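Asker: build me a model from this:
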Amino acid sequence: MLFSEIVGQDAIKAQLLQSVQHNRIAHAQLFSGKQGVGKLPLALAYAQYICCEHRTATDACGVCPSCRKMAKLAHPDLHFVFPIVKTDKKSICDQYVEEFREAVLANPYLTVDDWLSSLAEEKQGMIYTEESNEIIRKLNFKTYEAPYKVMIIWMPEKMHNTCANKLLKILEEPSYDTVIVMVSDNPDLLLATIRSRVQNIAVPPIEVAPMVRQLKSVYSLADAEAAHVAHLSLGSYSAAQRLVSQSEKDQWNLSQFILLMRFAWKSDHEGLRSVVETIEKKGRESAKNFLAYVQYMIRENFILNLHISELNYMTKEELEFSRKFSIFINERNVEEITYELQKAEQEIEQNVNRKIVLFDMALKFTMLLKK
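Answerer: Numbers count the residues shown, from 1 in each chain. Got it, this is the predicted structure:
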């Protein structure tokens, strides 16, 4: 991956380039920021630049043997750690590394949900305890070709605590030729002892102008449509990709949200039961994603009800329903509705019976929407 292939993030690129040029490469770094802003592409480009044999002032050369291997994510001094779904036969990342390479090469802005769903529907991924021994073993290798060996740990917040604790010593006292780059969507979920041992690089949302240019180039969108998608994406290129493709998952979430709110307003208990059963059958991860989507829609409808259109980020389909529905989301009920959604999401995360949790929440909506 070259820096020139990354959407926006010019300030972060300059910071990373200077750290290599001035020989100030921190041995352990944390690239943190919201999903889709380009943290993994930046880590890949950074690794390629560090190992490039003929790097320039602005990028890796892209043609040396090291760059050609990096372009395939197959350099012997580049190592990956990422969440996996454990099975009887597979419990470490190397057993999934070919699939991971293919997924990242197909889309460097890959989200963790997309990656895990490609392995197994409705399974929560993790970096398991067994991985700590693999990490330590790889970081004790001598470099093969490059001046540094680079390990990219994608989604370190998914590490089992035992695995995370085993890494503390190597994070504090790595060998001189080791660079560890952690790429995190939720750094607050990391152990404080890990956060204190890494240099944090906060990656901001992508600026509007480069986002618009990328959307026009890749998807051939008209100026107005590209600007609209860039606005809705909130600086996340993965969100922009999803908005352009309008995935089946998004359409399903919207359809179930509309049914849930209509049946709740009518106090139609049979209708609510049918919606709850539909959501429950999709599994735990889908239920959590749906509840996160409903929280987003409640926030958007509350903003719409306040008539602050510039702060709205809904698609045309969402807006079509929300123009009439938004009047029911107001200052008298928005906090309670949000609380019930967050509580339901937390209880489902803790493996409480999904059907009971969702139906209880839906019944409360029948009263809250009438406030």
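Asker: show me this structure divided up by domain.
Answerer: With domains defined by automatic domain parsing, the chain comprises 3-204, 207-245, 246-368.
Asker: so where's the chain shaky on pLDDT?
Answerer: 120-123, 246-248, 309-310, 312-313 (pLDDT under 70).
Asker: hang on, the earlier thing: now the domains of the chain in a markdown table, with mean neighbour count?
Answerer: Placement of C-beta: from N, CA and C, glycine included. As requested, these are exported to a markdown table (neighbours: other C-beta atoms under 10 Å):
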| stretch | mean neighbour count |
| --- | --- |
| domain 3-204 | 18 |
| domain 207-245 | 18 |
| domain 246-368 | 17 |
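Asker: might one say that Ile6 is in contact with Leu40?
Answerer: No - using C-beta atoms under 8 Å as the test, Ile6 is too far from Leu40 to be in contact (10.0 Å).
Asker: what about the strands in the stretch 51-200 of the chain?
Answerer: For the stretch 51-200 of the chain, the strands defined by DSSP state E, counting those that start in this stretch occupy 78-81, 149-154, 178-184, 199-202.
Asker: how about those, which one is nearest Gln350?
Answerer: For the strands of the stretch 51-200 of the chain, distance to Gln350 was read as C-beta to C-beta. The smallest value, 22.7 Å, belongs to strand 178-184.
Asker: so which of the strands of the stretch 51-200 of the chain is nearest Asp360?
Answerer: Among these, strand 178-184 sits nearest to Asp360 (C-beta to C-beta), with 33.2 Å.
Asker: report all helices and strands that the closest one contacts.
Answerer: On a contact count with 3 or more C-beta pairs under 8 Å, 6 or more residues apart in numbering; DSSP states H and E, strand 178-184 meets strand 28-32, helix 39-51, strand 149-154.
Asker: name the helices or strands packed onto the longest one?
Answerer: Meaning helix 39-51. helix 10-21, strand 28-32, helix 65-71, strand 149-154, strand 178-184.
Asker: that one to strand 28-32, inter-axis angle?
Answerer: 150 degrees (axes from the mean of the first three to the mean of the last three C-alpha atoms, to 10 degrees).
Asker: just the C-alphas of helix 39-51, formatted as CSV.
Answerer: Written as CSV, here are the backbone C-alpha positions of helix 39-51 (Å, rounded to 0.1, in the frame of the first residue of the first chain):
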residue,chain,number,x,y,z
LYS,A,39,-6.0,3.5,10.0
LEU,A,40,-5.2,0.1,8.5
PRO,A,41,-4.2,1.6,5.1
LEU,A,42,-2.0,4.0,6.9
ALA,A,43,-0.4,1.2,8.9
LEU,A,44,0.2,-0.8,5.7
ALA,A,45,1.7,2.2,3.8
TYR,A,46,3.9,3.0,6.9
ALA,A,47,5.2,-0.6,7.0
GLN,A,48,6.0,-0.5,3.3
TYR,A,49,7.7,2.9,3.6
ILE,A,50,9.8,1.6,6.5
CYS,A,51,11.0,-1.4,4.6
